[in-house]
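**Q** One predicted model, sequence on top.
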Amino acid sequence: MSGSLLERLQHLPRPVVLLIGVGMIAGIAWLDAVTGPKVALNVFYLLPVMLVAWATASTGYGLLAVLATFLVGPLEAYGSGYAFFSLPLAVWNASMRTAVFCIVLLLLAEVRRLVARLREQSLTDELTGIANRRAFGLVAGREIERSRRYAHQLSLAYLDIDGFKAVNDRRGHAIGDRVLIALAGAASATARSVDTVARLGGDEFVVLMPETDECAALPLADRLREACSQAAGACSEPVTCSVGVVTYAQPPRDVEELLAGADALMYEAKAAGGDDVRQASVGALEGRAF
């Protein structure tokens, strides 16, 4: 089972995946009947069962596939005129196979939960609980493609705490962590539901704003600066934030270009004294300070 095959199956309706699995079981049953009882093919029935359970992300659909494998034994015995197995023996063998397959389904469900948990952890910042740099890269890459395909504008706000190192030095890393958690919460509360808030590392945060022009991006960035400064400052001494926001009328080449534009504007805001928002639009004559 290749990754690409599983991905394609996962996009199919669950009943279709079940039908594919049942078709595979029927094919194995035919081969089983042709080769006779001297060639054991029991283990091969497990393949479509696992395929159905994994692709549908449903133990219930997996159990339906297991039921199909259970029926194979009695039907084969009946088709052969009970030449090799009596009906009670065929039912017993099918029941034993079903019990083993059910145990495998339970183990597979646990593996599926662990994989989902690991995938979520790999995309979540451990401290703040928001998206991490890897998750941002995946979302930003998709949004750049959407912007290119549908000719939508795309904006990004890049936020950095002014003097965060001094906060850590004076108050300790525990207070610094509280500041970061508060800032992440404020950013998430201020952003729209379609936006993506992520921590890139340290005290650097970004808010990706799909289908957002410069007129809509600037007020959001300014609210973001104010909300984050207030939330972060509530955890220690007053803290301010600098924000750079860039709007691309034409999509950037890649995620790094998207970040670089907003990052440069954020450093302009810091150089001007901090607690400020600097905005620019790609294609405009010049950036503007607000």
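**A** Alright, I've got the coordinates.

**Q** Give me the number of neighbouring residues for Glu204.
**A** The number of residues packed near Glu204 is 17, by other C-beta atoms under 10 Å. In this view, the C-beta of every residue, glycine as well, is placed from N, C-alpha and C.

**Q** Correction: the previous question concerned Gly60.
**A** So Gly60, with other C-beta under 10 Å, has 11 neighbours.

**Q** Go over the secondary structure and confirm it is in a helix.
**A** Yes - under DSSP: H, G, I helix; E, B strand; the rest coil, Gly60 sits within a helix.

**Q** ok, which stretches of the stretch 151-290 of the chain are strands?
**A** Listed in chain order, the strands of the stretch 151-290 of the chain (DSSP state E, counting those that start in this stretch) span 154-161, 196-201, 204-210, 241-248, 277-282, 288-289.

**Q** any idea of the angle the third one forms with strand 241-248?
**A** Same thing as strand 204-210. Interaxial angle of strand 204-210 relative to strand 241-248 (axes from the mean of the first three to the mean of the last three C-alpha atoms, to 10 degrees): 30 degrees.

**Q** If I average pLDDT within each of the strands of the stretch 151-290 of the chain, which one is lowest?
**A** When the strands of the stretch 151-290 of the chain are compared on average pLDDT, strand 288-289 comes out lowest at a mean of 41.

**Q** Give me the contact list for stretch 34-53.
**A** Contacts to stretch 34-53, defined as C-beta atoms under 8 Å, 6 or more residues apart in numbering, come from residues 1, 6, 9, 17-18, 20-22, 24-25, 28, 31-32, 59, 61-62, 64-66, 69, 72, 84-85, 97, 101, 104-105, 108-109.

**Q** Just the C-alphas of that stretch, formatted as PDB.
**A** Backbone C-alpha positions of stretch 34-53 (Å, rounded to 0.1, in the frame of the first residue of the first chain) are rendered in PDB as follows:
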ATOM      1  CA  VAL A  34      -8.900 -22.400  -7.100                       C
ATOM      2  CA  THR A  35      -5.800 -23.400  -5.100                       C
ATOM      3  CA  GLY A  36      -7.800 -25.500  -2.600                       C
ATOM      4  CA  PRO A  37      -7.200 -26.100   1.100                       C
ATOM      5  CA  LYS A  38      -3.500 -27.100   0.700                       C
ATOM      6  CA  VAL A  39      -2.500 -23.400   0.100                       C
ATOM      7  CA  ALA A  40      -3.400 -21.200   3.000                       C
ATOM      8  CA  LEU A  41      -4.400 -17.600   2.000                       C
ATOM      9  CA  ASN A  42      -5.900 -16.500   5.300                       C
ATOM     10  CA  VAL A  43      -3.300 -13.800   5.900                       C
ATOM     11  CA  PHE A  44      -4.100 -12.100   2.500                       C
ATOM     12  CA  TYR A  45      -7.700 -11.400   3.600                       C
ATOM     13  CA  LEU A  46      -6.200  -9.000   6.200                       C
ATOM     14  CA  LEU A  47      -4.900  -6.700   3.500                       C
ATOM     15  CA  PRO A  48      -8.300  -5.400   2.300                       C
ATOM     16  CA  VAL A  49      -9.500  -5.300   5.900                       C
ATOM     17  CA  MET A  50      -6.700  -3.000   6.900                       C
ATOM     18  CA  LEU A  51      -7.000  -1.000   3.700                       C
ATOM     19  CA  VAL A  52     -10.700  -0.200   4.300                       C
ATOM     20  CA  ALA A  53     -10.200   0.600   8.000                       C
END
